[in-house]
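Engineer: Need a 3D model of the sequence below.
(chains A and B)
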Amino acid sequence: MNSSPARETASGTGAGTEAIRIEGLRKCFGELEVLRGVSLTAHKGDVVAIIGGSGSGKSTLLRCVNFLETPSGGRIVINGEDIKMRADGTPTHRKQIEKARTRLGMVFQSFNLWTHRTLLENVIEVPVHVLGVPRAEAIERARTLLARVGLSEKADTYPAFLSGGQQQRAAIARALAIEPSVMLFDEPTSALDPELVGEVLSVIRDLAAEGRTMLLVTHEMKFAREVASHVIYLHNGIIEEEGPPEAVFSAPKSERLKQFLQTVA
Amino acid sequence: MTALRPLLVPHRIVMMLVALGIVAWCAVSMRWDWIPRYSGLALEGLWRTIWLLVVSSVLGMLLAIPLGLAQAVGPWYLSAPAKAFCTIIRGTPLLLQIWLLYYGLGSLFPQFPAIRNSELWPYLRQAWPYAVLALTLSFAGYEGEVMRGAFSGVARGQIEAARAFGMPRRTIFRRIWLPQAIRNALPTLAGETILQLKATPLVATITVIDIYAVASRVRQDTFIVYEPLLLLAVIYMVIAGAIALAFKRFELRIPARAR
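Structural biologist: Numbering: from 1, shown residues only, chains lettered A, B, ... in the order given. Modelled structure (predicted):
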């Protein structure tokens, strides 16, 4: 799809077309304000890594992008399409949200493969039943995708019979099957045994290398540094510091980020 | 042969011989000469029992799905009546429900000329529609409760993944939520269907000739008591076994978790 690696470092000024733009996003859970005005822009081919301690709001940010959480305010533009929402953040057009979601390939921390379907069925589910791709064509594509993540032999296996790493790779194949314009990764390796982390990261690394646009919430600092074109450090619901990975990791300016990097290193 | 091996151990062989002995004794020393005379009626009764079971279970299940859904996630004006219905059905004897419908509703209908002259009257004056209705409502009441648990039991992440990929709500229900709920409920439903089978003889009290009614008829006609009842027990056990096997097969087709 988007094979041109338009990897201008800083976001907001990049040469590529804009894939996703978030402006002043806020999210409250009751009294608790988890996001307090977050803005970010990802252009085609950008890999934006979002880091931060637990409770910093990084997962919530990602979940607001595809409206799994209803934002409490702000603006979200996906592929140039402004998602209409009321002043309180609730989207006004459910169909618009549903359509926008089919452009966002979400990968969850806990995989969330549909347990009553085989891997192949998981991968073709959305193309066939939401996007209206002919079944034969979807199956062919699904087999290619499963081969890509190294799961050709497991196509007819149910998720419960697979390791966490295999399930997460299948979940990535499922997300790729909708030909997303942006991939959303919500701590994709946090639920994995340490020895399984590598296989998932290597799949994500390949996707980054081929110029896919991604928002990546992660605890893997080394990995973020390696694949990201732009790093965002969230603290208490606001962007404390951001910039190209070298700057953020090697020369952090804010005290909090310095502390954070020391604790996770 | 390998499948038989665990059966071929001394204590099991002895038990099997004992069982065979009992069957042989029953065959030889009890009276079975009435069977040919009643075989036609028995087959009709058997058919009626199975038909009642299948129709009332299928219709009851179709009712149970909205009943369960309303209780699991519905607004109060849907969940409250659904809850009331399930509570009333589960809180009263099925025999009472059958009689209320047949003797109550059934004797009310003829008083209205409009109903007597309607095209439905030929059905409404028979007993079986009331039997089907009562058994269906009963199954719906119990299974509505089972489905409530099954719907709530589907993991949040499963629905969330479907939402995240832009699935419309109907598609989520049809493709993800309902299939998973039914799969979760299958072991319970197997047992409940067998209970439903064993509830069908109650329809004999409103003149529906099921297999149980046939056995009673034999007793009244011939004064043979035990033999028809023994045969009846065997027939119910065979049907119950078939139901259990069918559900087991269905369950194994979609493995919920690794064994």
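
Engineer: Longest helix of chain A, counting residues only.
Structural biologist: Ranked by residue count and defined by DSSP state H, the top helix of chain A is helix A:194-209.

Engineer: For burial, what's the neighbour tally of the nearest residue to A:Ser163 once chain neighbours are set aside?
Structural biologist: Leaving aside its sequence neighbours, A:Ser163 sits nearest to A:Leu196 (C-beta to C-beta, 6 or more residues apart in numbering or on different chains; 6.1 Å). C-betas here are computed from N, CA, C, even on glycine. By other C-beta atoms under 10 Å in any protein chain shown, the residues close to A:Leu196 number 18.

Engineer: my guess is A:Leu196 contacts A:Gln167, does it?
Structural biologist: No - counting by C-beta atoms under 8 Å, A:Leu196 stays clear of A:Gln167, with 9.6 Å between them.

Engineer: what residues are up against B:Arg148?
Structural biologist: B:67-68, B:71-72, B:86 (C-beta atoms under 8 Å, 6 or more residues apart in numbering or on different chains).

Engineer: How much space separates A:Phe161 from chain B?
Structural biologist: As for A:Phe161, its distance to chain B is 5 Å (criterion: C-beta to the nearest C-beta, to the nearest Å).

Engineer: who touches the one helix or strand B:Val14 maps to?
Structural biologist: Per DSSP states H and E, B:Val14 falls inside helix B:10-29. Defining contact as C-beta under 8 Å, 6+ apart, one finds that helix B:10-29 is touched by B:7, B:230.

Engineer: now the closest residue to chain A within the stretch 101-250 of chain B, what's its secondary structure?
Structural biologist: Nearest residue of the stretch 101-250 of chain B to chain A (C-beta to the nearest C-beta) works out as B:Gly166 at 3.5 Å. Assigned with DSSP: H, G, I helix; E, B strand; the rest coil, B:Gly166 falls in the coil class.

Engineer: Any regions of chain A where pLDDT drops low?
Structural biologist: In the prediction, chain A carries residues with pLDDT under 70 at positions A:1-16, A:87-89, A:91, A:265.

Engineer: Which parts of it are helices?
Structural biologist: A:58-65, A:94-101, A:119-129, A:135-148, A:164-176, A:194-209, A:221-227, A:245-250, A:255-264.

Engineer: Quick one: name the residues of the stretch 101-250 of chain B near chain A.
Structural biologist: When proximity is defined by C-beta under 8 Å from any C-beta of the partner chain, the stretch 101-250 of chain B lies next to chain A at B:155, B:157-158, B:160-168, B:171, B:175-176, B:179-180, B:183.

Engineer: gap between B:Ile98 and chain A?
Structural biologist: 37 Å.

Engineer: Am I right that that residue falls within a helix?
Structural biologist: Yes - assessed with three-state DSSP, B:Ile98 lies in a helix.

Engineer: out of the helices of chain A, nearest to B:Tyr226?
Structural biologist: Nearest of the helices of chain A to B:Tyr226, taken as C-beta to C-beta: helix A:119-129 at 53.7 Å.

Engineer: distance between that closest one and the chain's centre?
Structural biologist: 20 Å (C-alpha atoms, centre = their mean, to the nearest Å).

Engineer: give the contact list for B:Trp32.
Structural biologist: Counting by C-beta under 8 Å, 6+ apart, B:Trp32 makes contact with B:Glu227.

Engineer: now A:Pro245: how far from A:Phe223?
Structural biologist: To A:Phe223, A:Pro245 is 10 Å away according to C-beta to C-beta, to the nearest Å.

Engineer: quick one: contacts for the closest residue to A:Ala228 other than its chain neighbours?
Structural biologist: The shortest distance from A:Ala228 to any non-neighbouring residue, by C-beta to C-beta, 6+ apart, is to A:Ala49 (3.7 Å). Residues in contact with A:Ala49, defined by C-beta under 8 Å, 6+ apart, are A:216-218, A:224, A:227-228, A:230-232, A:245.

Engineer: Taking those together, which two end up most distant?
Structural biologist: A:Val217 and A:Pro245 (15.1 Å).

Engineer: ok, those two, which is more surrounded?
Structural biologist: Taking neighbours as other C-beta under 10 Å, A:Val217 and A:Pro245 compare with A:Val217 leading, 26 against 19.

Engineer: What residues are bridge-paired with the more buried one?
Structural biologist: A:Val217 has these beta-bridge partners by DSSP bridges: A:Ile50, A:Asp186.

Engineer: Make sure it is actually in contact with A:Leu62.
Structural biologist: Yes - A:Val217 is within contact range of A:Leu62, at 5.2 Å (criterion: C-beta under 8 Å).

Engineer: who touches both of the two?
Structural biologist: A:50, A:185-186.

Engineer: Show me which residues of chain A sit near chain B.
Structural biologist: A:66, A:68, A:97-102, A:104, A:106, A:108, A:110, A:112-116, A:125-126, A:129-130, A:158, A:160-161, A:174-175, A:178.

Engineer: hmm, try it at 6 Å
Structural biologist: Contact residues (C-beta under 6 Å from any C-beta of the partner chain) of chain A with chain B: A:66, A:68, A:98, A:101-102, A:106, A:110, A:112, A:116, A:126, A:129-130, A:158, A:160-161.

Engineer: Show me the residues you listed that map onto strands.
Structural biologist: Assigned to strands by DSSP state E, the following of these qualify: A:Met106.

Engineer: Go ahead and list the helix or strand containing the nearest residue to B:Val73 once chain neighbours are set aside.
Structural biologist: Nearest residue to B:Val73, sequence neighbours excluded (C-beta to C-beta, 6+ apart): B:Phe151, at 7.0 Å. According to DSSP H and E, B:Phe151 maps onto helix B:128-153.

Engineer: re earlier: next, the buried residues of the helix holding B:Val14.
Structural biologist: Buried residues in helix B:10-29, counted by 16 or more other C-beta atoms under 10 Å in any protein chain shown: none are found.

Engineer: Can you give me the buried ones in the first helix or strand past it going along the chain?
Structural biologist: Per DSSP H and E, the first helix or strand lying C-terminal to helix B:10-29 is helix B:35-73. By 16+ other C-beta under 10 Å, the buried positions in helix B:35-73 come out as B:38, B:42, B:45, B:48-50, B:52-53, B:56-57, B:59-61, B:63-65, B:67-72.

Engineer: repeat for stretch A:241-248
Structural biologist: Quick answer for stretch A:241-248 (16+ other C-beta under 10 Å): A:241-245, A:248.

Engineer: now swap in stretch A:218-230 and tell me
Structural biologist: Neighbour count says stretch A:218-230 has A:218, A:220-221, A:223-225, A:227-230 buried, by 16+ other C-beta under 10 Å.

Engineer: I appreciate the help and will end here.
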